[in-house]
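Visitor: this one's structure only:
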């Protein structure tokens, strides 16, 4: 079969052919025969979403900066292309060279969201790669996982060969270097995996045996090569010393985020107890102001983007936030580029900066009080007061901002209906602050899902019925003129909760769900809760065991093989949460979280 000829015919029959052609500005071009390692970066969703993920651009530039490594991109095809690929027996391929991905050395999936897991299976199926690691022969690529969900790798442990825990730039290059040396020895796959497990931040799940007690809990995790070994997450101490891409790939079609992006710091010092990212990305590491400005200039020049965004967990916590933003504003204004500042915090952003931005381009402001009362904000260590909320919004409205979005969570530990009333009260007072000014207020509510490596990892998650009851209660309470109420789907939160704290047994339910037709579960129009429930029943898995069950501190957790912040610190924080006691910001003194041990 003439692949190019058949491929061109397929492109004429799909909705967005630019998803599959590659060849964009700044794409890597290499002679395959000159490359010792071929790495496929796989994003388990469509092109428009994957191309908006900065982590892909970082690893793509890092790996392709080496002459002996070729990193290519892989995305989940749309339904139309998938159907045509199956019809024409075309396996999943890379964008850069249209190589079937089963011919690569590595296929590395980024694990950003638990509801993307069925897409991983779908991509492996389209690639003609067996799901389970034990079923893949020596000629198959090494399947690698990384990203935040890798901090509980166990639901995917039987599928993946290797997980990279923590910062991926250096660890992934080391993995590729090791692979080249291993190929020269002629060793088998197990010998490579044993050597790979010695790299800091690399977890090889097949080297751990899991035993379960009659009550369903884990009774023992045993390392196959002697004394029990935990995997410490990989940390890059100084992010100024690693490459940050400036020659970013520029898509031919509109993506979710068409803009230049600069990471200003990694980690967070706040210590919100519900936030997995704030725990697993510790410690806080800043990029210098001059470095940020230069990267921004170089990126804008190389891409032609008309928007610049700053990337971090809390942008306004950057130590030189005001001078940085003012310098970037001046640069952007002269180049007719807009500046986006996501992740501003109510208690720390500079209204001088806000005024500068307001004079140039007014868009919506997003604030995240998270909880409706001071008591519950203390429980979750979200250290802002009602006065700060109202003062901040009052200043923003006075400066001319006309769209306010408020983000809250329901189902937080110790939550009562008084806390839900507090959300409505905050919205009502904001409408009074706005008085007769035309300000659009949106209250968005998400469902709390306990995550691994957080102080709330032992807590019970609200049931589906409880989430629905609270949504209905808030809908009535928020019937306030000028206020729009949005809330997250409860059924997706339940499935997310299973895989967020699941063990290896839930893999069976995952495969069943894919076999029963589940994929693109992160898309509300494709999510099928009834099929998921049926799949768990067929697999003999009790959903409530993983979601609504409170754990004890002495229970062995599936992710106890992974070391980030210490369990002792997390227990202390959970105990303080129960008492509604707060913990100070890391920058005001070390709280001994164990991340640097």
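Guide: Everything's here; your move. Keep in mind that what you see is a predicted model, and the values were worked out from it rather than measured.
Visitor: Let me know how buried the residue lying closest to residue 196 once chain neighbours are set aside is, in neighbour terms.
Guide: Excluding its sequence neighbours, the residue lying closest to residue 196 (CB to CB, 6 or more residues apart in numbering) is residue 202, at 5.3 Å. For every residue, glycine as well, the C-beta is placed using N, CA and C. A total of 23 residues lie near residue 202 under the criterion other CB atoms under 10 Å.
Visitor: Helices of the stretch 301-450 of the chain, start to end?
Guide: Along the stretch 301-450 of the chain, the segments classed as helices by DSSP state H, counting those that start in this stretch run 321-334, 351-358, 374-379, 386-398, 417-434.
Visitor: deepest of the ones you listed, which one?
Guide: helix 374-379 (a mean of 21; mean count of other CB atoms under 10 Å).
Visitor: before we move on, back to that, make TSV out of the helices of the stretch 301-450 of the chain and add mean pLDDT.
Guide: What follows is these, written out as TSV (pLDDT from 0 to 100):
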stretch	mean pLDDT
helix 321-334	91
helix 351-358	67
helix 374-379	97
helix 386-398	87
helix 417-434	95
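Visitor: So which helix or strand of this protein has the lowest pLDDT on average?
Guide: One helix or strand of the chain scores below all others by mean pLDDT, DSSP states H and E: helix 351-358, with a mean of 67.
Visitor: Next, the buried residues of stretch 524-535.
Guide: For stretch 524-535, a neighbour-count test (16 or more other CB atoms under 10 Å) marks 527, 528, 529, 532, 533, 535 as buried.
Visitor: likewise stretch 282-300?
Guide: Buried residues in stretch 282-300, counted by 16+ other CB under 10 Å: 282-287, 289, 292, 295-300.
Visitor: Against residue 266, how distant is residue 283?
Guide: 9 Å (CB to CB, to the nearest Å).
Visitor: An error on my part: the question was meant for residue 230.
Guide: From residue 230 to residue 266 the distance is 22 Å (CB to CB).
Visitor: Comparing the two, which residue is more hemmed in?
Guide: Set side by side, residue 230 and residue 266 show more neighbours around residue 266, with 19 against 11, by other CB under 10 Å.
Visitor: If the more buried one is in a bridge, with which residues?
Guide: When bridges are called by DSSP bridges, residue 266 pairs up with residue 285.
Visitor: Could you number the chain from 47 rather than 1 from now on?
Guide: In the new numbering, first residue 47, that becomes residue 312.
Visitor: Now do the helices in the stretch 197-346 of the chain.
Guide: Using DSSP H, counting those that start in this stretch, helices in the stretch 197-346 of the chain cover 215-231, 235-242, 322-326, 335-349.
Visitor: got the angle between the first one and helix 235-242?
Guide: Here helix 215-231 runs at an angle of 140 degrees relative to helix 235-242 (axes from the mean of the first three to the mean of the last three CA atoms, to 10 degrees).
Visitor: name the helices or strands packed onto helix 215-231?
Guide: strand 83-89, helix 100-110, strand 152-156, strand 188-192, strand 208-210, helix 235-242 (3 or more CB pairs under 8 Å, 6 or more residues apart in numbering; DSSP states H and E).
Visitor: change it to 6 Å
Guide: Here helix 215-231 touches strand 83-89, helix 235-242, going by 3 or more CB pairs under 6 Å, 6 or more residues apart in numbering; DSSP states H and E.
Visitor: What are the contacting residues of the longest one?
Guide: Counting by CB atoms under 6 Å, 6 or more residues apart in numbering, helix 235-242 makes contact with 184, 208, 224, 228, 248, 250, all of which sit outside it.
Visitor: That helix relative to strand 188-192, how many degrees between them?
Guide: Using the same axes, to 10 degrees, helix 235-242 lies at 30 degrees relative to strand 188-192.
Visitor: chain center to helix 235-242, what's the gap?
Guide: Its chain's average C-alpha position is 28 Å from that of helix 235-242, according to CA atoms, centre = their mean, to the nearest Å.
Visitor: Burial check on the closest residue to residue 540 other than its chain neighbours, number of neighbours?
Guide: Nearest residue to residue 540 in three dimensions, chain neighbours excluded: residue 510, at 5.3 Å (CB to CB, 6+ apart). By the measure other CB under 10 Å, the count of residues near residue 510 is 19.
Visitor: Residue 510 is in contact with residue 542, isn't it?
Guide: No: using CB atoms under 6 Å as the test, residue 510 is too far from residue 542 to be in contact (12.0 Å).
Visitor: so who does residue 226 touch?
Guide: Applying CB under 6 Å, 6+ apart, the residues contacting residue 226 are 82, 83.
Visitor: If we use 10 Å, what do you get?
Guide: Counting by CB atoms under 10 Å, 6 or more residues apart in numbering, residue 226 touches 82, 83, 114, 115, 151.
Visitor: Pick out the most distant pair among the residues you listed.
Guide: Across the contacts of residue 226, no pair lies farther apart than 114 and 151, at 11.4 Å, counting by CB to CB.
Visitor: intersection of neighbour lists for the two?
Guide: By CB under 10 Å, 6+ apart, the residues touching both residue 114 and residue 151 are 81, 82, 83, 222, 226.
Visitor: The first one and residue 226: what is the separation?
Guide: Distance, residue 81 to residue 226, by CB to CB: 10 Å.
Visitor: Ok, the third one next?
Guide: Distance of residue 83 to residue 226, given as CB to CB: 6 Å.
Visitor: got any residues that touch both of these two?
Guide: Residues touching both residue 83 and residue 226 (CB under 10 Å, 6+ apart): 114, 115, 151.
Visitor: ok so, going back, of residue 114 and residue 151, give the one with the bigger neighbour count.
Guide: More neighbours surround residue 151 than the other of residue 114 and residue 151, with 19 against 12 (other CB under 10 Å).
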